[in-house]
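Chemist: Following is a predicted model, sequence given first.
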Amino acid sequence: MKVTDHIKESKGTAISFEILPPLKGKTIESIYNHLDPLMEFNPAFINVTYHRSEQVFKKKADGTFEKVEVRKRPGTVGICAAIMNHYKIDAVPHLICGGFNLQETENALIDLAFLGIDNVLLLRGDAAKNETAFEPEPDGHKYAIDLLKQVMNLNAGIYLEEDLKATNKTTFCIGVAGYPEKHFEAPNMQTDLRYLKEKVDGGADYIVTQMFFDNEKYYSFVKACRDFGIKVPIIPGLKPIYTKKQLTVLPKTFHIDLPTDLSNEILKCKNDEEVEKVGIEWLLHQSKDLKKNNVPVLHYYTLGKPHIVASVVKNL
Ligand SMILES: Cc1cc2nc3c(=O)[nH]c(=O)nc-3n(C[C@H](O)[C@H](O)[C@H](O)COP(=O)(O)OP(=O)(O)OC[C@H]3O[C@@H](n4cnc5c(N)ncnc54)[C@H](O)[C@@H]3O)c2cc1C
């Protein structure tokens, strides 16, 4: 079932979760162990992130180094299929431009369609670790909108091989990313919104936001989107804080601000156990307020901490 149908059919605010594939070498059991404690909350869907491969330098026996491609977290498509099979819940794979050429993207989409996966969240991806700015593959997409156009083409039965006859149309429901605090590369919010509107006008059915810790940022973003003519559902993305280190890591990695009240409370904590309690309180407060304001879905980035998310959702 499509994410947009889940939203239409939900009585009130729905719940969804986002997980990372496990590090290479782990089994699917690690995913089930992660998700089992969250199943009592009847998530409408579960997102699975996509992680591109990285180039690393490996020391050889003779002391020289060789460059090798390593994908630390493979398995997004397989995990989605396993989730749908095991829990009978819709899975939403993330698909990115980075590291994919057009043909590989089409093959991945064909696999997803064959598996009965109705949804995709389309992203550009970040720069590879050895690059200073995002570089598309020679025959790949530069922006999420380009990837979206490819999926929309498949939804119209148009494949890369133009002479294919009597093709079937795929029916993917498409999500894209939005940034309540602006994407870090955009010169200003208006320009970022212009590109977001292009994605929606191009066929995106809904938006999932980057994490934020001040709900006012989300509300202003939704208002700015509506004023700009972006009418699709805007799902808030929520993340728990559980270590003091996140005070610097989150702004640096995700280009977001933490409210002073939250950072002050965290700075008072003696250890990460105390930070976790503050983080749970904050996320619960944020979630209750968003729910009161009738957001379509509360989408939690669980990121290896299902017990934290569970203790928030339990008390909603
Ligand atoms: C909900 C969510 C989930 C995510 N999941 C993943 C994941 O699974 N894997 C992963 O690697 N990353 C993930 N990311 C991170 C994401 O890939 C990065 O934030 C990336 O830097 C931007 O992706 P995007 O899809 O927003 O890019 P785009 O929409 O392509 O935008 C990127 C930048 O280019 C600008 N822009 C857009 N279109 C144009 C255009 N036509 N011309 C000029 N400028 C343009 C935008 O304003 C923005 O500054 C996720 C992010 C979010 C919010």
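Modeler: Ah, there it is. What you are looking at is a predicted structure, and each value in this text was computed from that prediction instead of being measured.
Chemist: Could you use CA atoms for every contact and neighbour count after this?
Modeler: Fine.
Chemist: Count the neighbours of G178 for me.
Modeler: When neighbours are counted by other CA atoms under 10 Å, G178 registers 25.
Chemist: same question but for G12, I mixed them up
Modeler: Around G12 there are 14 other residues, counting by other CA under 10 Å.
Chemist: how close does it sit to Y301?
Modeler: Applying CA to CA, to the nearest Å, one obtains 20 Å for the distance of G12 from Y301.
Chemist: What's the local residue count around L160?
Modeler: Neighbours of L160 under the rule other CA under 10 Å: 12.
Chemist: does it sit in a helix, a strand or a coil?
Modeler: In three-state terms, and counting by DSSP: H, G, I helix; E, B strand; the rest coil, L160 is coil.
Chemist: Show me which residues of the protein sit near the ligand.
Modeler: 49-51, 94, 123-126, 143-144, 177-178, 183, 185-186, 192, 195, 208-210 (CA under 6 Å from any ligand atom).
Chemist: What's the ChimeraX line that selects buried ones from these?
Modeler: Entered in ChimeraX, the line below selects the buried ones among the residues of the chain next to the ligand, by 16 or more other CA atoms under 10 Å:
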select :49,50,51,94,123,124,125,126,143,144,177,178,183,192,195,208,209,210
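Chemist: Which ones among the residues of the chain next to the ligand lie within helices?
Modeler: Using DSSP state H to define helices, the subset of the residues of the chain next to the ligand located there is 144, 192, 195.
Chemist: Among the residues you listed, which one lies nearest to K223?
Modeler: Of all these, D192 has the smallest distance to K223: 14.4 Å, by CA to CA.
Chemist: K58 belongs to a strand?
Modeler: Yes: per three-state DSSP, K58 lies within a strand segment.
Chemist: My read is that it contacts E69, right?
Modeler: No: when contacts are counted by CA atoms under 8 Å, K58 is not listed as touching E69 (9.9 Å).
Chemist: Show me which helix runs longest in this protein.
Modeler: Secondary structure of the chain per DSSP H: the longest helix is helix 272-292.
Chemist: May I see the ones in helices among the residues of the chain next to the ligand arranged in a markdown table, with pLDDT as well?
Modeler: Output for these, formatted as a markdown table (pLDDT from 0 to 100):
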| residue | pLDDT |
| --- | --- |
| A144 | 98 |
| D192 | 98 |
| Y195 | 98 |
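Chemist: Next one: the residue most central in space within the chain relative to F100, how far apart?
Modeler: The residue at the geometric middle of the chain, judged as the C-alpha nearest the mean C-alpha position with CA atoms, centre = their mean, is T49 (5.8 Å). Going from T49 to F100 by CA to CA gives 15 Å.
Chemist: And D261, by the same measure?
Modeler: As defined by CA to CA, D261 lies at a distance of 42 Å from F100.
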